[in-house]
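Undergrad: just to be clear, the model below is a prediction. Sequence and coordinates:
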Amino acid sequence: MLITFEGIDGCGKTTQIKLLKEYIESKGLSVVTMREPGGSDFSEQLRNILLSSRHRVGARSELMLFEAARANLVDTVIKPELERGKIVICDRFYDSTTAYQAFGRGLPLDFVQKLNLFATGGLTPNLTIYLSISLDESKRRTSRPEFDRIEKAGDEFFLKVIEGYNYIARQEPNRFVVVDASGSRQETARKVRKVFDKFFEGFPK
Ligand code: TMP
């Protein structure tokens, strides 16, 4: 079972993934977590290149590097873990590419979605939890001295990214579940657990 988390900076993905992992493990199930881009040696190296402000990276290069990182992660880590019967939780997956590269950067949506599936070899998440916060909330939560290359993109970019996530939510309401993450981490964790429980109940065992 593949569960992915999505959202803009400051939405609390890392914390909520950790809490959900503990919750699932408390039921005696085995969980592995990873992040995108990253999760394998190769993909972590691509992550450094992608997020570094040292490089000038155009939208097409950016798209293909995210997909390359994803293809490697899927082949070398995610698929083997799924075959071992693990529950895999991934911090971001191809919905990030749809939101950031298609909507944010303006690359053609159809093409990006095809490339997403090409990169995963057809693997799709069983459940995606989108932690929804406003851009204002994101900015309040992410004041730090140094932003990475993508975080430096302006408000207009992030409003388009949010629009992208809203588009996916309308297209795939069963898989892509929107959780209001504007409250406290405990409130959000409760909502996430509820979404997981409902999904898990209906999941073929
Ligand atoms: P993170 O900060 O949540 O770890 O994500 C890394 C950054 O990469 C974040 O700004 C979102 C961006 N990103 C994309 O633009 N496209 C993608 O496909 C992925 C996975 C991440």
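TA: Received, thanks. None of these values were measured; they are calculated from a predicted model.
Undergrad: what residues does this structure have near the ligand?
TA: Those residues of the chain that sit near the ligand, judged by CB under 6 Å from any ligand atom, are 35, 36, 37, 66, 92, 96, 97, 100, 101, 150, 151. The way it works is simple: take the backbone N, C-alpha and C, and place the C-beta from them, glycine included.
Undergrad: would you turn the residues you listed into a markdown table with neighbour count, secondary structure and pLDDT?
TA: Written out in a markdown table, the entries for these read as follows (neighbours: other CB atoms under 10 Å; DSSP: H, G, I helix; E, B strand; the rest coil; pLDDT from 0 to 100):
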| residue | neighbour count | secondary structure | pLDDT |
| --- | --- | --- | --- |
| 35 | 19 | strand | 98 |
| 36 | 22 | coil | 98 |
| 37 | 25 | coil | 97 |
| 66 | 26 | helix | 98 |
| 92 | 23 | coil | 98 |
| 96 | 24 | helix | 98 |
| 97 | 27 | helix | 98 |
| 100 | 26 | helix | 98 |
| 101 | 27 | helix | 98 |
| 150 | 18 | coil | 84 |
| 151 | 16 | coil | 82 |
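Undergrad: can I get those in CSV with distance to residue 133?
TA: Shown next, in CSV, are the residues of the chain next to the ligand (distance: CB to CB, whole Å):
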residue, distance to residue 133
35, 19
36, 19
37, 22
66, 22
92, 15
96, 15
97, 20
100, 16
101, 21
150, 17
151, 15
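Undergrad: just give me the closest of those residues to residue 187.
TA: residue 92 (22.4 Å; CB to CB).
Undergrad: which one is the closest one nearest to, not counting chain neighbours?
TA: The shortest distance from residue 92 to any non-neighbouring residue, by CB to CB, 6 or more residues apart in numbering, is to residue 36 (4.2 Å).
Undergrad: got a list of what that neighbour touches?
TA: If a contact means CB atoms under 8 Å, 6 or more residues apart in numbering, then residue 36 has 43, 66, 69, 70, 73, 90, 91, 92, 93, 96 as its contacts.
Undergrad: sort out for me which of these are in strands.
TA: 90, 91 (DSSP state E).
Undergrad: spatially, what comes nearest to residue 14 if we skip its sequence neighbours?
TA: Per CB to CB, 6+ apart, closest to residue 14 is residue 91, 6.6 Å.
Undergrad: surely the one you found meets residue 15?
TA: No: using CB atoms under 8 Å, residue 91 is not in contact with residue 15; the gap is 10.7 Å.
Undergrad: between these two, tell me which one has more neighbours.
TA: Set residue 91 next to residue 15 and count neighbours by other CB atoms under 10 Å: residue 91 wins out with 19 against 14.
Undergrad: quick check, pLDDT for that one.
TA: For residue 91, the pLDDT comes out at 98.
Undergrad: and it, what does it touch?
TA: 4, 5, 13, 14, 17, 33, 34, 35, 36.
Undergrad: now residue 159: closest residue in space, sequence neighbours ignored.
TA: residue 135 (6.2 Å).
Undergrad: just name the shakiest helix or strand of this structure by mean pLDDT.
TA: helix 135-141 (a mean of 94; mean pLDDT, DSSP states H and E).
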